[in-house]
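A.B. asks: Only the shape, not the letters, is given here:
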């Protein structure tokens, strides 16, 4: 279907910010997740028609389901309107929807503290860079090599719980190998945060 020259959505509200922020942080979300942000079905349809969101079909337990994710244009809009950067790289709907379930189960305060895998990696690389500037070349090189060799890997997300502790969240699928799981565990123990795994 050809895109309309005039967008159907011309004004954005807090409910849009909540929905875009969720998709930015977890990849795919369900209709229920979007409804909990305050979006009505008509609004969802218009955001899809404007090319800001994409409807994604997937199979779960031999049943056809649908979910939503931001398009490139949607990510650009989120960056422009709400300064959202370091978007989570959407993976399979089943994987991402498990992250979304965790994300939406959190308090608003914990959700606001959520960091994507992309941002966690960027902050870790910045830390390595700071170590170099401080003259800790040996430790910096060790961390850089561990990252390169995939001996450490970032969790899907990180948030601060009600007790003020950082918690890493990882969704584990059947395709996960022992090395991949170990690399995530190594990272969270290095930064000293709690770790929660969810198997799908």
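C.D. replies: Happy to help now that I have it. All of these numbers come straight from a predicted model, not from anything done at the bench.

A.B. asks: Leaving out chain neighbours, which residue sits closest to residue 14?
C.D. replies: residue 38 (7.6 Å; C-beta to C-beta, 6 or more residues apart in numbering). For every residue, glycine as well, the C-beta is placed using N, CA and C.

A.B. asks: One more: residue 97?
C.D. replies: The spatially closest residue to residue 97, leaving aside those adjacent along the chain, is residue 28, at 5.6 Å (C-beta to C-beta, 6+ apart).

A.B. asks: what's the distance between residue 6 and residue 71?
C.D. replies: 18 Å (C-beta to C-beta, to the nearest Å).

A.B. asks: go on, residue 104?
C.D. replies: 21 Å.

A.B. asks: gap between the residue of the chain most remote from its centre and residue 81?
C.D. replies: In the chain, counting by C-alpha atoms, centre = their mean, residue 135 sits farthest out from the average C-alpha position, at 33.2 Å. Distance of residue 135 to residue 81, given as C-beta to C-beta: 41 Å.

A.B. asks: how far is the longest helix seen in the chain from where the chain is centred?
C.D. replies: If you go by DSSP state H, the chain has its longest helix at helix 117-133. Averaging C-alpha positions (C-alpha atoms, centre = their mean, to the nearest Å) puts helix 117-133 18 Å from its chain's average.

A.B. asks: Buried residues in it, which are they?
C.D. replies: For helix 117-133, a neighbour-count test (16 or more other C-beta atoms under 10 Å) marks 117, 119-121, 124, 128, 131 as buried.

A.B. asks: Stretch 167-179 too?
C.D. replies: 167-172.

A.B. asks: so what's residue 196 up against?
C.D. replies: Counting by C-beta atoms under 8 Å, 6 or more residues apart in numbering, residue 196 touches 102, 167-170.
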